[in-house]
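Trainee: Sharing a sequence plus its predicted fold:
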Amino acid sequence: MSVANSIHHSKHIYNYLKALNLGLFLSDVYLNHLLTIILSVFLRGYRGKTVDFQEVSHCHRTTTAYFLNHGKWKDDALQDVLKSSILQAIYREAQRSGQPIYCIVDDTIASHTRPSSQAVHPIEAAYFHQSHLKGCQDYGHQVVSVMLSCNGITLNYAVILYDKSRSKIQIVQEIAEELPAAPVIFYFLCDSWYTTAKVMDRFIRKGFYTVGALKTNRILYPCGIRQKASAFALHLRKTDPDVSLVTVGSREFYVYRYEGELNGIPNAAVILSYPKDGFGNPKALRVFLSTNAELSTQEILDTYTKRWPIELFFRQSKSKLALDSYQIRSRQGIQRYWLIMSLVHYLCCMHSGNYCTFEEGYASLKQQLKQEQFANLYRLIKSSASFEEAFKFVG
């Protein structure tokens, strides 16, 4: 083993990968390529570029790039192992605690620079997508993320590249089909894009309730009269007996509860909500839905706040896992890269044997890698390796 690879090799992470039985479908050569990418995440200034991979490997950067883009390894087997490990952790916690399981779905855009029309090898599967954050069309990859959560444990179950070969609705329907029946009550949490009858029906068949946001133009039938939620909200007054003030987190909201039919849904609870200081302002109106009408208004709103971890995941992915800057052009390479980043997220949360947040696990692993690095450096110096050769590779 070269000096560079000896210093940057992590026995702790390597043994963890072995414990996941990745050696059943990854040779030691491919396992080391996987380790190279994982270790590079913890470098200062990591951007997801091939030069970052080379910093922790004796191989040329094109070798690791080939592993991602064209390597003959079973990425679907790695995905199955990761999903199985996450399901086991979440469902075991549900059985232990009796707390609900939440399946959280949302999407984000990995922004990229639009290539020239004369580009010979443009990045694959990149399109213009409507960015709600930027309020305009944004070029790049749209990523659908699925997270599972129970009793404070939140893990990233899947990251799927949306490439227009199938709709985001179809992607989520397939996720609903593959999730096993939960040992406790199960909620699907989503924003207004995914609260369609098709998606909610697919989850209901599996015994999962939906709690999500609704668009304000959604049709309701109060007193049997068909009208948009936004139009109905204009008739509400603070003094109405059915309008109440609730506290969610540290904020107060005026809410009205509707129970009844929606198009495609025979019965659901719908909450029309205004911030306390924005009552009656159409732009401040927010609408939420629960297919479990037995939940109180407070419980519905509190349950919806359980979506927040996926927003944190996107933020952390862009700052720590190079969601907005990876330098991979092929569709297969991009999908494999995000599968490996999902594995990194899982390692950060579970590497110690007990769950911790991604930020805590990231800091812990980074510190541990630094300690391993200096321990390897000491052994190299002790075995008569030259100081110049050894210190050349110290981060």
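Mentor: Yes, it's here. Because the structure is predicted, anything quoted here is derived from the model rather than measured. Numbers count the residues shown, from 1 in each chain.
Trainee: So which residues of the chain form helices?
Mentor: Shown for the chain, the helices assigned by DSSP state H span residues 3-8, 11-19, 28-40, 50-54, 61-69, 75-97, 168-178, 197-205, 229-233, 297-304, 308-320, 331-350, 358-382, 387-391.
Trainee: Show residues contacting the second one.
Mentor: Translated: helix 11-19. By C-beta atoms under 8 Å, 6 or more residues apart in numbering, the residues outside helix 11-19 that reach it are 23, 31, 34-35, 38-39, 347, 351, 365, 368-369, 372. In this view, the C-beta of every residue, glycine as well, is placed from N, C-alpha and C.
Trainee: Of these, which is the nearest to Asp191?
Mentor: Leu347 (28.3 Å; C-beta to C-beta).
Trainee: Give me the distance between Ser230 and Lys283.
Mentor: To Lys283, Ser230 is 10 Å away according to C-beta to C-beta, to the nearest Å.
Trainee: neighbour count winner among the two?
Mentor: Each of Ser230 and Lys283 has its neighbours counted (other C-beta atoms under 10 Å); Ser230 has more, 16 against 6.
Trainee: ok, for the more buried one, nearest residue in space, not its chain neighbours?
Mentor: Once flanking residues are discounted, Ser230 sits nearest to Thr216: 4.1 Å by C-beta to C-beta, 6 or more residues apart in numbering.
Trainee: How about Phe53, nearest residue that isn't a chain neighbour?
Mentor: Thr64 (4.2 Å).
Trainee: scratch that, Lys276 is what I was asking about
Mentor: Nearest non-adjacent residue to Lys276 (C-beta to C-beta, 6+ apart): Glu252, at 4.2 Å.
Trainee: Report the central residue of the protein.
Mentor: Per C-alpha atoms, centre = their mean, the C-alpha nearest to the average position across the chain is that of Ser145, at 4.1 Å.
Trainee: what residues are up against the residue nearest to Ser230?
Mentor: 228-230, 233, 282, 285-287.
Trainee: Apply 7 Å and report the result again.
Mentor: 229-230, 285, 287 (C-beta atoms under 7 Å, 6 or more residues apart in numbering).
Trainee: cool, Val287 as well?
Mentor: Listed by C-beta under 7 Å, 6+ apart, the contact set of Val287 reads 213-214, 216, 218, 229, 270-272.
Trainee: switch to 8 Å and redo it
Mentor: Val287 makes contact with 192, 213-216, 218, 229, 270-273 under the criterion C-beta under 8 Å, 6+ apart.
Trainee: Mind listing what's buried along stretch 300-315?
Mentor: Buried residues in stretch 300-315, counting neighbours by 16 or more other C-beta atoms under 10 Å, are found at 300-304, 306-307, 309-310, 313-314.
Trainee: Adding pLDDT, write those residues out as JSON lines.
Mentor: Formatted as JSON lines, the buried residues of stretch 300-315 follow (pLDDT from 0 to 100):
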{"residue": "Ile300", "pLDDT": "97"}
{"residue": "Leu301", "pLDDT": "97"}
{"residue": "Asp302", "pLDDT": "96"}
{"residue": "Thr303", "pLDDT": "97"}
{"residue": "Tyr304", "pLDDT": "97"}
{"residue": "Lys306", "pLDDT": "96"}
{"residue": "Arg307", "pLDDT": "96"}
{"residue": "Pro309", "pLDDT": "95"}
{"residue": "Ile310", "pLDDT": "96"}
{"residue": "Phe313", "pLDDT": "96"}
{"residue": "Phe314", "pLDDT": "95"}
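Trainee: ok, of the contacts of helix 11-19, which come out buried?
Mentor: Neighbour counting by 16+ other C-beta under 10 Å classes 31, 34-35, 38-39, 347, 351, 365, 368-369, 372 among the contacts of helix 11-19 as buried.
Trainee: Spatially, which two of those are the most separated?
Mentor: Farthest pair in those (C-beta to C-beta) is Leu31 and Gln368. Separation: 19.2 Å.
Trainee: Surely Glu26 and Leu34 touch.
Mentor: No Glu there; residue 26 is Leu. Yes: if you go by C-beta atoms under 8 Å, Leu26 and Leu34 touch, sitting 6.6 Å apart.
Trainee: ok, so of the buried residues of stretch 300-315, who is nearest Val248?
Mentor: Nearest to Val248, judged by C-beta to C-beta, of those is Leu301 at 4.8 Å.
Trainee: Give me the pLDDT for Cys59.
Mentor: For Cys59, the pLDDT comes out at 82.
Trainee: got the CA positions of stretch 328-336 in PDB?
Mentor: C-alpha atoms of stretch 328-336 as PDB (Å, rounded to 0.1, in the frame of the first residue of the first chain):
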ATOM      1  CA  ILE A 328     -20.300  13.800 -12.900                       C
ATOM      2  CA  ARG A 329     -21.800  13.800 -16.300                       C
ATOM      3  CA  SER A 330     -23.400  10.400 -16.900                       C
ATOM      4  CA  ARG A 331     -26.800   9.500 -15.600                       C
ATOM      5  CA  GLN A 332     -25.600   6.300 -14.100                       C
ATOM      6  CA  GLY A 333     -22.600   8.000 -12.500                       C
ATOM      7  CA  ILE A 334     -24.900  10.700 -11.000                       C
ATOM      8  CA  GLN A 335     -27.300   8.000  -9.600                       C
ATOM      9  CA  ARG A 336     -24.500   6.000  -8.100                       C
END
